[in-house]
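*Asks:* only geometry, no sequence info:
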Ligand code: MN
Ligand code: MN
């Protein structure tokens, strides 16, 4: 009975952990929170991943002229996605063990010409990124992060809202007293995309020269003056900037027993973190181990930093070229990809005790009952699904059961309720084995999402035994 997954569905796995495993799970939770507080955007996630990789002995792949088994390499693509590699004893064409997550999360992007002033307040126009429920993002403290390229080419980083001394930003909503018309609207339409305007200032410029000349623009002018004093920015610099609005505030333990963690961006930085930790601890694997941290998953894995980009192919081609002293052959690349095994590490929709009706309870992941193994994604008739082979799942099942990884078979919601996808189908196109496996999450895509420390720990353990032992 111990290995029967339906058995675990009915029991608490916390009870099955030894006291040292319980300690490990809580320590992992603390380190994960530190990672999350340093990784509020895809760019900051990549910085934190590389910082941790360098302190674990990883070196930039571009500096390597030759590689040998056990070498630890990193590759950064346009500051927004990264790949870590631990070179295996076997040649790369025999296949790699890949764990792939994404480091972008739903957020609100600042438009390229954002600033305006109306009725005494200066605001910024925005365009949200990824699947957000817009009503969740109003009247909460918001932080501003991003990168600005000035006219002279200088690049500056902006981070305002998460330091205790920082101001925050804000999106307004109606008071209940005057919300009759809005209350009658559908939830999905009550807050409009063009209504997600971010308050950035309220004080007029006190510069005497502006008086009378800039009617209804003195607050905006004051905002521009502050940006200029602080960052040397002018208004046109917004055109060459990537600025993101994210929830302000640190991740927190949740519950009297501190068994859960609330944070912005569990989807999918929780799988990025657990796969990062697993690959950083790996020494001398048989198969070359790869941890991919992709960008743009939330908008379809498009663009030059998304999983559809050639960056991954190119990087593996470079690895093969270095391994073969510059003798590159495309057939070796194709074999390397087709012989690989991948865990598409992304979060799963856990059963919400308040909304159990959207999940089919016999096949949905229960919070705190282990890493969620999702054979297929897609929606409504498996459309767009990456459907893993039973044989591949069989090998993973054996690996996990033999190494005390507690996992639960999972799916994304009731058949006709909706659905979604990950990067799995893109990697499956190379003809490698791929399956989705990750941490069950509540309130996915909300400003703050919820996970359990038990599932965090089990997911880390699953990725670790996959790197250590899957062959
Ligand atoms: Mn995701
Ligand atoms: Mn998502």
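*Replies:* On my side now, so go ahead. As the structure is a computational prediction, the values presented were derived from the model and not from experiment. Ligands and ions are numbered 1, 2, ... in the order given.

*Asks:* how about low-confidence regions in the stretch 151-300 of the chain?
*Replies:* By pLDDT under 70, the weakly predicted segments of the stretch 151-300 of the chain are 208-216.

*Asks:* tell me the contacts of residue 226?
*Replies:* Taking CB atoms under 8 Å, 6 or more residues apart in numbering, we find residue 226 in contact with residue 201. For glycine as for every other residue, the C-beta is placed from the backbone atoms N, C-alpha and C.

*Asks:* part of a helix, is it?
*Replies:* Yes. The assignment for residue 226 by DSSP: H, G, I helix; E, B strand; the rest coil puts it in a helix.

*Asks:* do you know how far residue 218 is from residue 201?
*Replies:* For residue 218, the distance to residue 201 (CB to CB, to the nearest Å) stands at 10 Å.

*Asks:* can you check residue 250 too?
*Replies:* With CB to CB as the criterion, residue 250 and residue 201 are 25 Å apart.

*Asks:* same deal with residue 381?
*Replies:* Residue 381 sits at a distance of 50 Å from residue 201 (criterion: CB to CB).

*Asks:* more crowded one of these two?
*Replies:* Neighbours were counted for residue 381 and for residue 201 using other CB atoms under 10 Å; residue 201 has more, 23 against 10.

*Asks:* Next, that one: phi, psi?
*Replies:* Here is the backbone geometry of residue 201 (degrees, to the nearest 10): phi -170, psi 160.

*Asks:* could you pull out the helices for the stretch 351-471 of the chain?
*Replies:* Using DSSP state H, counting those that start in this stretch, the helices of the stretch 351-471 of the chain run over 390-402, 424-428, 453-469.

*Asks:* swap in the chain?
*Replies:* Assigned by DSSP state H, the chain shows helices spanning 5-9, 19-37, 42-55, 180-183, 187-190, 218-231, 266-280, 311-323, 330-338, 390-402, 424-428, 453-469.

*Asks:* The nearest residue to residue 418 once chain neighbours are set aside - how many residues pack around it?
*Replies:* Leaving aside its sequence neighbours, residue 418 sits nearest to residue 379 (CB to CB, 6 or more residues apart in numbering; 5.9 Å). Using other CB under 10 Å, residue 379 has 17 neighbouring residues.

*Asks:* before we move on, what about residue 300?
*Replies:* For residue 300, using other CB under 10 Å, the count is 12.

*Asks:* Next one: it from ligand 1, what distance?
*Replies:* Taking CB to the ion, to the nearest Å as the measure, residue 300 and ligand 1 are separated by 12 Å.

*Asks:* same check, this time on residue 20
*Replies:* Look at residue 20 and ligand 1: by CB to the ion, they are 31 Å apart.

*Asks:* Point me to the residue of the stretch 351-471 of the chain nearest ligand 1.
*Replies:* residue 422 (6.0 Å; CB to the ion).

*Asks:* and that residue, what does it touch?
*Replies:* If you count contacts by CB under 8 Å, 6+ apart, residue 422 has them with 102, 297, 344, 346, 377, 386, 436.

*Asks:* Kindly recompute the last result at 10 Å.
*Replies:* Counting by CB atoms under 10 Å, 6 or more residues apart in numbering, residue 422 touches 100-102, 268, 271, 294, 297, 301, 307, 344-348, 374, 377, 386, 412, 434, 436, 438.

*Asks:* got it, and residue 180?
*Replies:* With CB under 10 Å, 6+ apart, residue 180 has these contacts: residue 174.

*Asks:* now residue 305
*Replies:* Shown in contact with residue 305 (CB under 10 Å, 6+ apart): 42, 46, 77-82, 103-104, 294-296, 311.

*Asks:* How about residue 271?
*Replies:* Counting by CB under 10 Å, 6+ apart, residue 271 touches 99-103, 293, 343-348, 371, 422, 436-439, 441, 456, 459-460, 463.

*Asks:* Can you tell me which of the helices of the stretch 351-471 of the chain is packed in deepest?
*Replies:* Mean neighbours per residue, mean count of other CB atoms under 10 Å, is largest over those for helix 453-469, with a mean of 24.

*Asks:* Now do that one against helix 19-37: the angle between them, please.
*Replies:* 100 degrees (axes from the mean of the first three to the mean of the last three CA atoms, to 10 degrees).

*Asks:* could you give the angle of helix 453-469 to helix 390-402?
*Replies:* Going by the same axes, to 10 degrees, helix 453-469 makes 110 degrees with helix 390-402.

*Asks:* quick one: average pLDDT of helix 453-469?
*Replies:* The pLDDT scores in helix 453-469 average 98.

*Asks:* just how off-centre is it within its chain?
*Replies:* A distance of 17 Å separates the centroid of the chain from that of helix 453-469, by CA atoms, centre = their mean, to the nearest Å.

*Asks:* now swap in stretch 353-360 and tell me
*Replies:* 24 Å.

*Asks:* Residues contacting it, please?
*Replies:* For stretch 353-360, contacts defined as CB under 10 Å, 6+ apart pick out 349-352, 364-367, 410-415, 417-418, 442-443.

*Asks:* Give the ChimeraX command for selecting the buried subset of the residues you listed.
*Replies:* To isolate the buried ones among those in ChimeraX, judged by 16 or more other CB atoms under 10 Å, type:
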select :349,350,351,352,364,365,366,367,410,411,412,413,442,443
